[in-house]
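*Asks:* could you work out the structure for the sequence below:
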Amino acid sequence: MQTFTQLTSTVMPLPVNNIDTDQIIPARYLKVLDKASVAEGLFADWRYLSDGSPNPDFVLNQPLYQGAQVLLAGNNFGSGSSREHAPWALTGSGFRCVISTGFADIFNNNALKNGLLPLVVDESFFQQLLEKVQSNPKTEVTVNLENQTVLVEENNLSFEFEINPFAKKCLISGQDQLEYILSFEDKIIQFEQQTS
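*Replies:* This is a model prediction of the structure:
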């Protein structure tokens, strides 16, 4: 997992509420186990036309937003079934953070476990950021995980966000939860030997 301390990036707007995991990554892509290959299925039903060609109207295919590492998504992002492929598809497509007014709990947990920061903001900040990004696609945000802030410097728009302390520690260190626990393997073995 890649370390996450601070990220400055443009933002791709997708202000649609209730985007479920089947819309993020349709079920037909769930047989793919290679995290990098899953990216092809990200928003596939919206991203591609019926003949398989890219849908020029879908934001992921628009040159203005290419290279964005932050997705600005509508409320209740990631609802539906639990599928780890959803954060895999997002990270495989270059996203490191999704900003929304709310996430489904299961998606939120899966994202954090896979190095993707689900960042919850209030409606006011969301609308101001959306307006800024839609009027100027070159707008950049800086997400500072250590300080738990997101900032749009050009108009001094900022927001302090909450995150689970353990998830924060894992993201900053670039370790998933299992890797973090295994980093204490010698101490765990020592403890087991002392107590047996």
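
*Asks:* in the protein, which helix has the most residues?
*Replies:* In the chain, taking DSSP state H as the definition, the longest helix is helix 123-135.

*Asks:* tell me the mean pLDDT over that helix?
*Replies:* Average pLDDT, helix 123-135: 97.

*Asks:* with only the CA atoms kept, save it in CSV.
*Replies:* Extracted C-alpha coordinates of helix 123-135, given in CSV (Å, rounded to 0.1, in the frame of the first residue of the first chain):
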residue,chain,number,x,y,z
GLU,A,123,-22.9,19.9,2.3
SER,A,124,-21.7,23.5,2.2
PHE,A,125,-18.1,22.6,1.6
PHE,A,126,-19.2,19.9,-1.0
GLN,A,127,-21.3,22.4,-2.9
GLN,A,128,-18.6,25.1,-2.9
LEU,A,129,-16.0,22.6,-4.1
LEU,A,130,-18.3,21.2,-6.8
GLU,A,131,-19.0,24.7,-8.1
LYS,A,132,-15.3,25.6,-8.1
VAL,A,133,-14.3,22.3,-9.9
GLN,A,134,-17.0,22.5,-12.5
SER,A,135,-16.2,26.1,-13.3
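
*Asks:* what does the following helix or strand past it contact?
*Replies:* Following helix 123-135 in sequence order, the next helix or strand is strand 140-144 (DSSP states H and E). Under the contact criterion CB atoms under 8 Å, 6 or more residues apart in numbering, strand 140-144 has outside partners 5-11, 70, 97, 99, 117, 119, 129, 149-154. No exception for glycine: its C-beta is placed from N, CA and C like everyone else's.

*Asks:* how much space separates residue 167 from residue 176?
*Replies:* 10 Å (CB to CB, to the nearest Å).

*Asks:* of the contacts of strand 140-144, buried ones?
*Replies:* The neighbour-count test (16 or more other CB atoms under 10 Å) marks 7, 9-11, 70, 97, 99, 117, 119, 129, 150-152 as buried among the contacts of strand 140-144.
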